[in-house]
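Peer 1: this is the structure alone, sequence omitted:
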């Protein structure tokens, strides 16, 4: 294998890509569109749930209770109703997911210490959002109930009860618990696979289609030199797409990159070589250009479906087939898992002895957390 012949084939392929606006669109525009589309549209967060309120009491106590919903980032009060008909119309029009009906005697019962019930009406067409909204509403109501109870105890001259067991959650690696920080790094594997399958699955088939393959066969270029020369330009395009994904994630979607940047590029380069080789295999087997276009888009779906780590790792008792060697061997799952670990700095995939210890003195508990999170901020409730 001679590098001069490989560079000649690579230069020819570079010129073809630069002169073909369709190849440039597939290689650069489609990844950016996918990143923005999935980055903005694909989310697992349930916040700013539209809420409509029917305050029959209209007292300072009821307004204080409802202010807890207005101040919460999980709710967005869209308006106030005057009856069940308005609530029904708001839910039919999908302007509201949850409605609160505060009774007339709310303030009197709350001041006397008797139990008071607030009706919560939920749109159950989306059970996932409804269950989250109900949990958020119960949390706000529980907090208001505790404040009312403590106020009644102070007025009656009784000392506040001793605090019982209290859970103090501390979130590592994703302090804000935003699903975007989990989903966006996994998109890197999807983008890499789509670009590799669409670009390289047409490169050899195109030579047969336009009739230039016979000219290449007549040259001293060997099979290995031809394949390697054709892979180099698309490898560079794939690494450019990876750089664009990192820049978009860091500066547009504010995905924290706390891990090792070189480790992301190294793992993606290994994955990209395999993905490009698979696309090249399709291009060689399916000589007609149309056949390559027909089979190439199916590859990303198969690779992502085989990856049991592309999203959450399922329970082996519920999905035992996900833990078979076939599913565990899916490269896209390992790449997406490594990308998420690098953004969250789960030691960046490196052993502790290669990363070094931190020099600043901290408390023992904080030092242990700092060792695990790599200094990433943790949220404390």
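Peer 2: Everything's here; your move. These numbers were taken from a predicted model, which means no experiment stands behind them.

Peer 1: tell me which residues touch the nearest residue to residue 39 once chain neighbours are set aside, please.
Peer 2: Excluding the flanking residues, the one nearest residue 39 by CB to CB, 6 or more residues apart in numbering is residue 253, at 5.2 Å. Every C-beta, even on glycine, is put in place using the N, C-alpha and C of the backbone. Residues near residue 253 by CB atoms under 8 Å, 6 or more residues apart in numbering: 39, 180, 184.

Peer 1: neighbours of residue 40, how many?
Peer 2: 11 (other CB atoms under 10 Å).

Peer 1: how much space between it and residue 26?
Peer 2: 22 Å (CB to CB, to the nearest Å).

Peer 1: what does residue 85 give?
Peer 2: Distance from residue 85 to residue 26, by CB to CB: 53 Å.

Peer 1: next one: residue 285
Peer 2: Residue 285 sits 20 Å away from residue 26, going by CB to CB.

Peer 1: just residue 220 next, same as before
Peer 2: 31 Å.

Peer 1: one more: residue 126?
Peer 2: Distance from residue 126 to residue 26, by CB to CB: 35 Å.

Peer 1: between these two, which has more neighbouring residues?
Peer 2: Each of residue 126 and residue 26 has its neighbours counted (other CB under 10 Å); residue 26 has more, 18 against 14.

Peer 1: which residues touch that one?
Peer 2: Residue 26 neighbours (CB under 8 Å, 6+ apart): 195, 198-199.

Peer 1: show me what counts as buried in stretch 107-119.
Peer 2: 107, 109-110, 116, 118 (16 or more other CB atoms under 10 Å).

Peer 1: could these be laid out in TSV, adding distance to residue 80 and secondary structure?
Peer 2: TSV is the format used below for the buried residues of stretch 107-119 (distance: CB to CB, whole Å; DSSP: H, G, I helix; E, B strand; the rest coil):
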residue	distance to residue 80	secondary structure
107	17	helix
109	21	helix
110	20	helix
116	19	coil
118	15	coil
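
Peer 1: now those as a markdown table including distance to residue 56?
Peer 2: Below are these laid out as a markdown table (distance: CB to CB, whole Å):
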| residue | distance to residue 56 |
| --- | --- |
| 107 | 11 |
| 109 | 13 |
| 110 | 14 |
| 116 | 12 |
| 118 | 10 |
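
Peer 1: so which of these comes closest to residue 216?
Peer 2: Nearest to residue 216 among those is residue 118, at 76.4 Å by CB to CB.

Peer 1: correct me, but the closest one touches residue 103?
Peer 2: Yes. Here residue 118 reaches residue 103: they are 7.2 Å apart, a contact under CB atoms under 8 Å.

Peer 1: how close does residue 189 get to residue 244?
Peer 2: From residue 189 to residue 244 the distance is 15 Å (CB to CB).

Peer 1: show me which of these two is the more surrounded one.
Peer 2: For the pair residue 189 and residue 244, the greater number of neighbours falls to residue 189 (29 against 15), based on other CB under 10 Å.

Peer 1: sec struct for the more buried one, please.
Peer 2: With DSSP: H, G, I helix; E, B strand; the rest coil as the basis, residue 189 sits in helix.

Peer 1: my guess is it contacts residue 275. True?
Peer 2: No. Counting by CB under 8 Å, residue 189 does not reach residue 275; the two are 9.1 Å apart.

Peer 1: okay, now the residue nearest to residue 179 when sequence neighbours are not counted: neighbour count?
Peer 2: Nearest non-adjacent residue to residue 179, counting by CB to CB, 6+ apart: residue 44, 3.6 Å away. Residues lying near residue 44 (other CB under 10 Å) number 13.

Peer 1: secondary structure element for residue 44?
Peer 2: Using DSSP states H and E, residue 44 is not contained in any helix or strand.

Peer 1: and it, how far from residue 177?
Peer 2: 10 Å.

Peer 1: over to residue 262?
Peer 2: 28 Å.

Peer 1: compare the two (neighbour count), which wins?
Peer 2: Remark: of residue 262 and residue 177, residue 177 carries more neighbours, 13 against 10, as counted by other CB under 10 Å.

Peer 1: dig out what the nearest residue to that one once chain neighbours are set aside forms beta bridges with.
Peer 2: With CB to CB, 6+ apart as the criterion, residue 177 has its nearest non-adjacent residue at 5.9 Å, and that residue is residue 171. Note on residue 171: beta-bridge partners residue 379, judged by DSSP bridges.

Peer 1: check the gap between the residue nearest to residue 179 and residue 84 for me.
Peer 2: As for residue 44, its distance to residue 84 is 32 Å (criterion: CB to CB).

Peer 1: OK, contacts around the residue nearest to residue 179?
Peer 2: So residue 44 contacts 179, 182-183 (CB under 8 Å, 6+ apart).

Peer 1: hang on, the earlier thing: and the pLDDT for the residue nearest to residue 39?
Peer 2: At residue 253, the model reports a pLDDT of 87.
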